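[1] Just need the structure, nothing else, for what follows:
(2 chains)
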There are 2 protein chains.
Amino acid sequence: MTKRSVVVCVGDELLTGLVVNTNVAMIGELMLQAGLPVAWSATIGDEEDAIVDVLDRAAADADIVIITGGLGPTQDDLTSAALAKLVGAELVRDEQVVEDLRRRFKSFGREMPPSNAKQADLPRGASWILNPYGTAPGIRVEYKDAVLYAMPGVPGEARHMITEQILPELTAAGIAQLIRSRLLHCVGLPESELADRFPDLATAANPKMAFLPGGGEIRLRFVATGESVEECDRLLDAAERVVRERVGEYIFGVDNATLEGVVAELLSSRGLTIATAESCTAGMLSARIANVPGASKFLRGALVAYANDVKVDELGVPAELIDKAGPVSEEVAAEMALGAKRKFGTDLALAITCAAGPEPQDGAEPGTTVLALAGVDGDVQVRKLRLPGDRPQVRQFATTFALSLLRMHLQ
Amino acid sequence: MTKRSVVVCVGDELLTGLVVNTNVAMIGELMLQAGLPVAWSATIGDEEDAIVDVLDRAAADADIVIITGGLGPTQDDLTSAALAKLVGAELVRDEQVVEDLRRRFKSFGREMPPSNAKQADLPRGASWILNPYGTAPGIRVEYKDAVLYAMPGVPGEARHMITEQILPELTAAGIAQLIRSRLLHCVGLPESELADRFPDLATAANPKMAFLPGGGEIRLRFVATGESVEECDRLLDAAERVVRERVGEYIFGVDNATLEGVVAELLSSRGLTIATAESCTAGMLSARIANVPGASKFLRGALVAYANDVKVDELGVPAELIDKAGPVSEEVAAEMALGAKRKFGTDLALAITCAAGPEPQDGAEPGTTVLALAGVDGDVQVRKLRLPGDRPQVRQFATTFALSLLRMHLQ
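    Residues are numbered from 1 along each chain as shown, chains lettered A, B, ... in the order given. Next comes the predicted model:
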């Protein structure tokens, strides 16, 4: 029979609207990939008997129970106590863990508050899961035919603990499948067209492929299972090779890469400088380039020309051209890019002019977007697009496609 | 005994990581305010018997059961069928609802796919809840001592249905308390200082007050209960009056107001134009002003001066001043604002210069931020701040405080 898991989340704050529970989705995805799909999940307040009750039901129903929350230092953190009650064991304070906690606080220049010692209480027979990312260690306990893992509720700490400790342990014990995943970031092809290029990969069982669109880019996710890390990585490498052969020019990075980060790297390594000229995005593009720490190495400045006469006065776009071609036109975008390059004395300049909506602008329908890139040798590349969505989405997508145009030019 | 509720969420996508479940937090907050706190919540996949099972347990345990999801047109939408099985009634197709669905599709210029007729199936004895915001109507059914409400899983539709239909019905029946809430948006006072000013309101039982910080502003939320809308509103009006008496200058709006929206309104109504000059924020401030549709009425342009010599060449900041006072100084910020006002020929100009981090910049520690506002009559207001947080947060907070400075000047 397929093994399965249950997720139990503990904390009043999840039921009163103070905190949106993102842990179930995060854990659900990881457990599914590991071959231990989540059958159901329960969220329960800070009430010992209610926690014991739902853990009992979870342990009866699943092979693995993942618990989040209730491991903090305060009176209403009840997960250890509930686990002790569940398995009928007493809570024992682990002086070694108290010492570790004290040292951890000292490293931040603080005394450990006495209440934190509570985080060193372990049900007899249970074991600790190390937490290098926070004060609360996790707890592992066996009950009925299930293994229960209690993790902190803080999403970052929970993610580290499940990926770095719990899943590897389950994999080593032969309970979870070994999984490795890889993200390939793609800009410039619509999702339907991407899907059409990969009828083979999209339906393959291993690695599994998924398309994750967002913010104008599409992430291709591959999840491989296998007997060893090397075997998984070989499968992932092979899939990545196929993707790069077919749509390589649209792939800008792997895993944690960001489009602005890749562009920053390309500009820095070549010692090139850049400026932007923007109308509807009104600075979003330059702000995004400046997301990258150390952007002063390549970003000199930007000119936001929201009013048409600013395009004329500050970027040197001929007034007759705006009258004739309209402000959202290939001709005007090209002049804006050339104007920004002159003004800021940069090697490159990117321009965006668009009708972001909700109303049409000087005859251009909402979503109409023109990008221009003035290159090192004085040439200008222009791209006209029709972007979907509302005003925020059109502006967001416009910056993504502008950065993508720049990346392709540099590569 | 206090009445209580349970939330049951249906859908594989919630357990496999495809969708983060935001409904529990949204419903939990509303039910708590309505005097029907959520005791627990369960998330379950698209499996009929498992849904019946958890609904049975929920109905035994709560006065009100709110169900989300599983009302769509596909094979794996099983909520109506599960409700029918739960109460032992057959599913009956409501031809009137089929007709409504058909008309709805027609109004979008589409034929109704045959599968959608399934959304018109109702367990005998249950009743419909209208959904003007989507195709799936909700379902109301009584079972044991509980009332069960099934809503669509789409968060926007679910929010409309619970606030506009379910809660008013429960209030009219005397099951839920009548509640009314109000948000007051505040910028410029730290949370601790705000809390100190309201020892009375913060501990009052009705209306209940909460501080919700985010993005550099703090929203003060008041929730009142009472016998009538008028009584609730009187309580909210009284609380708002107290807040405005004590910290009125920092309150920029009510309920759905945004800081840029309020600023846009003030600029438009006075026929004033504005430009910005930015270094670290690199266009985030002007982009935020342009979030408001129709911003071309008041926003003329912006100059991002990321490099120091751009501040000199484009904004007329004296090079010696940058050398002497440093780029992140009150003197330079003032010159940047004056320079932008000259360059764009506007009535007003806002400038931001800051050290966003992670590294110190020309001697300024990360978080050091200077704002300047050049006014209509040529005067310049300057404010120096030390903002907390990392690079994204410092830049975000800087734009919020700059807009707040502008708002206070205009009011």
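[2] Now whichever residue of the stretch 201-350 of chain A sits closest to chain B: phi and psi?
    For the stretch 201-350 of chain A, the residue closest to chain B is residue A:283, as judged by CB to the nearest CB, at 2.1 Å. (Glycine included, C-beta is placed from N, CA and C.) Main-chain torsions, residue A:283, degrees, to the nearest 10: phi 110, psi -10.
[3] For residue A:156, give me its contacts.
    By CB atoms under 8 Å, 6 or more residues apart in numbering or on different chains, residue A:156 lies in contact with residue A:133.
[4] how about it, phi and psi?
    Residue A:156 adopts backbone torsions of phi -60, psi -50, taken as degrees, to the nearest 10.
[5] my guess is residue A:212 contacts residue A:222, does it?
    No: contact status for residue A:212 versus residue A:222: not in contact, 11.3 Å apart, counting by CB atoms under 8 Å.
[6] Just want to know which of the two has more residues nearby.
    Between residue A:212 and residue A:222, counted using other CB atoms under 10 Å in any protein chain shown, residue A:222 has the larger neighbour count: 24 against 13.
[7] Correct me if wrong: that one contacts residue A:202.
    No: between residue A:222 and residue A:202 there is no contact under CB under 8 Å: 10.7 Å.
[8] Now do the shared contacts for those two.
    residue A:209.
[9] Quick test: name the residue nearest the centre of chain A.
    Centroid-nearest residue in chain A: residue A:256, 7.7 Å away (criterion: CA atoms, centre = their mean).
[10] Give the phi and psi angles for that one, as a check.
    phi -90, psi 10.
[11] confidence score at it?
    Note on residue A:256: pLDDT of 86.
[12] Kindly report the same for residue A:175.
    89.
[13] roughly how far apart are it and chain B?
    Relative to chain B, residue A:175 is positioned 19 Å away (CB to the nearest CB, to the nearest Å).
[14] Could you say whether that residue sits in a helix, a strand or coil?
    Applying DSSP: H, G, I helix; E, B strand; the rest coil to residue A:175 yields a three-state assignment of coil.
[15] I'd guessed it sits against residue A:62; true?
    No: contact status for residue A:175 versus residue A:62: not in contact, 11.6 Å apart, counting by CB under 8 Å.
[16] Would you mind telling me which of those two has more residues around it?
    residue A:62 (24 against 17).
[17] for chain A, which spans come out with low pLDDT?
    Scanning chain A for pLDDT under 70 picks out the ranges A:1.
[18] per the record, what domains does it have?
    Here the domain assignment for chain A is A:5-176, A:179-254, A:259-410, based on automatic domain parsing.
[19] For residue B:83, find the nearest of those.
    Closest to residue B:83 of the domains of chain A, according to CB to CB: domain A:5-176, at 18.0 Å.
[20] Off-centre distance for that closest one?
    Taking CA atoms, centre = their mean, to the nearest Å, one finds domain A:5-176 lying 24 Å from the centre of the chain it belongs to.
[21] okay, how far is it across it, tip to tip?
    Across domain A:5-176, the terminal residues are separated by 11 Å (CA to CA, to the nearest Å).
[22] who's in contact with the nearest residue to residue A:189 once chain neighbours are set aside?
    Spatially, and ignoring its direct neighbours in sequence, residue A:189 is nearest to residue A:250 (5.2 Å; CB to CB, 6 or more residues apart in numbering or on different chains). Applying CB under 8 Å, 6+ apart, we find residue A:250 in contact with A:186-189.
[23] Go through these and flag which are in strands.
    residue A:186 (DSSP state E).
[24] quick one: which of the contacts of residue A:250 is nearest to residue A:318?
    Closest to residue A:318, out of all of those and judged by CB to CB, is residue A:188, at 31.0 Å.
[25] number of nearby residues for residue A:282?
    Around residue A:282 there are 30 residues (other CB under 10 Å).
[26] what's the answer for residue A:200, then?
    Count around residue A:200 with other CB under 10 Å applied: 10.
[27] how close does it sit to chain B?
    Taken as CB to the nearest CB, the span from residue A:200 to chain B is 23 Å.
[28] Repeat that for residue A:399.
    To chain B, residue A:399 is 9 Å away according to CB to the nearest CB.
[29] which residues touch that residue?
    The neighbours of residue A:399, taking CB under 8 Å, 6+ apart as the test, are A:216, A:281, A:284-285, A:288, A:352.
[30] Dump those residues into CSV; add secondary structure and neighbour count as well.
    Output for the contacts of residue A:399, formatted as CSV (DSSP: H, G, I helix; E, B strand; the rest coil; neighbours: other CB atoms under 10 Å in any protein chain shown):
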residue, secondary structure, neighbour count
A:216, coil, 21
A:281, coil, 30
A:284, helix, 28
A:285, helix, 30
A:288, helix, 25
A:352, strand, 25
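[31] what does the stretch 251-400 of chain A have sitting close to chain B?
    Counting by CB under 8 Å from any CB of the partner chain, the residues of the stretch 251-400 of chain A close to chain B are A:276, A:278, A:280-287, A:289-291, A:293-296, A:299-307, A:310, A:314, A:343-344, A:357-359, A:391-392, A:395.
[32] mind running it again at 6 Å?
    A:282-284, A:286-287, A:290, A:293, A:296, A:299-302, A:304-307, A:310, A:358 (CB under 6 Å from any CB of the partner chain).
[33] Kindly tell me how buried the spatially closest residue to the residue of the stretch 201-350 of chain A closest to chain B that is not a sequence neighbour is, as a neighbour count.
    Among residues not flanking residue A:283 along the chain, residue B:283 sits closest, at 2.1 Å (CB to CB, 6+ apart). When neighbours are defined as other CB under 10 Å, residue B:283 has 31 of them.
[34] Quick check, residue B:283 in contact with residue A:288.
    No: contact criterion CB atoms under 6 Å: residue B:283 and residue A:288 do not qualify, at 8.6 Å.
[35] Most neighbours out of the contacts of residue A:250, which is it?
    That'd be residue A:186 among those, by other CB under 10 Å, with 23 neighbours.
[36] what is that one paired to in the beta sheet?
    Beta bridges link residue A:186 to residue A:218, residue A:251, judged by DSSP bridges.
[37] ok, now how distant is it from residue B:360?
    37 Å (CB to CB, to the nearest Å).
[38] Let me know the secondary structure of residue A:71.
    With three-state DSSP as the basis, residue A:71 sits in coil.
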